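please work out how this folds:
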Amino acid sequence: MKFDRKSATNPFHTVRHPFDASYDIRFKGQGSAAISVIILAVLFLTTIFQRQNTGYIFNYNKLSDLNVFMQFATAILPFLLFVIANWIVAMLLNGTGRMRDIWIYTAYCLVPFILGNIGAVLLSNILVMEEPFANYAQVFGAGWSLVALFIGLMVMHEYNFVRNVFSCACTVFVMFILLFAIMLVGSLASDFYGFVATVVREILLRVS
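Next up, the predicted model:
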């Protein structure tokens, strides 16, 4: 797809014009899956950058305890849960958005959040505790992302305001259900692995 800085292919255009961009992504096939993956990669790297480089006055993390896999899960898992949950809710509430549309638009909406976090890290290295401007940058970025996401989903699914609020509430609820299911399956898999490993060890001991 040809990149046009004034179309929904451009994430910066999308977050500045959520009404038009979400419509173009859903009904005109605009938006780029490749760009959305790049944004998610930047989000992952940003979480590491934020954890390791936030000013020492504001940073309560032990830098030597960095776990890349945990950082990846913290950054990407909420995104995946949201996309899947919103798609499920859309099917139940007759929303018109497809998973591809939800994926791309949600990823695009992360741009202000990412920029806000980067700005907060930079500010945290030159500010003192009494100057909370780093927090303001984070809140502003997150707020912009949430507003753009709310507007875009309303247009994409062809909801009115009240129905969109209900859809978002249901999406959060389904996210918790999916998270619980993942934790349950993970726990059962771990227990099963432990059981199999114990049985194998016992058999090997008896054979030897």
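
for the residue nearest in space to the middle of the chain, what are its contacts?
With distances taken as CA atoms, centre = their mean, Phe79 lies nearest the centre of the chain, 2.8 Å away. When contacts are counted by CB atoms under 8 Å, 6 or more residues apart in numbering, Phe79 is found next to Leu40, Leu43, Thr106, Ala107, Leu110. Every C-beta, even on glycine, is put in place using the N, C-alpha and C of the backbone.

the residues you listed: which two are farthest apart?
Leu43 and Thr106 (11.2 Å; CB to CB).

compare those two and say which one has the larger neighbour count.
Taking Leu43 and Thr106 together and counting by other CB atoms under 10 Å, Thr106 has the greater number of neighbours (22 against 18).

which helix or strand contains the more buried one?
Thr106 is located in helix 99-108, with elements delineated by DSSP states H and E.

ditto for Val172
Assigned by DSSP H and E, Val172 falls within helix 161-207.

check which helices and strands that helix is in contact with.
helix 68-92, helix 133-157 (3 or more CB pairs under 8 Å, 6 or more residues apart in numbering; DSSP states H and E).

now do the last one: which elements does it pack against?
Secondary structure elements in contact with helix 133-157, counted by 3+ CB pairs under 8 Å, 6+ apart, are helix 11-16, helix 18-27, helix 99-108, helix 110-124, helix 161-207.

just say which of those helices is most tucked in.
Comparing those on average neighbours per residue, with mean count of other CB atoms under 10 Å, the densest one is helix 99-108 at a mean of 24.

tell me the SS of Ser7?
The three-state label given to Ser7 by DSSP: H, G, I helix; E, B strand; the rest coil is coil.

which residue packs closest to it, ignoring adjacent ones?
Using CB to CB, 6 or more residues apart in numbering and skipping residues adjacent in sequence, the residue nearest Ser7 is Gln30, 5.7 Å away.

residues in contact with the one you found?
Contacts were defined as CB under 8 Å, 6+ apart; by that measure Gln30 touches Met1, Ser7, Ala8, Thr9, Ala21, Asp24.

try 7 Å
For Gln30, the contact set (CB atoms under 7 Å, 6 or more residues apart in numbering) comprises Ser7, Ala8, Thr9, Asp24.

equivalent analysis for Leu93, please.
With contact taken as CB under 7 Å, 6+ apart, Leu93 is in contact with Arg163, Ser167.

what do you get if the cut-off is 8 Å, keeping everything else the same?
Leu93 makes contact with His157, Tyr159, Arg163, Phe166, Ser167, Cys170, according to CB under 8 Å, 6+ apart.
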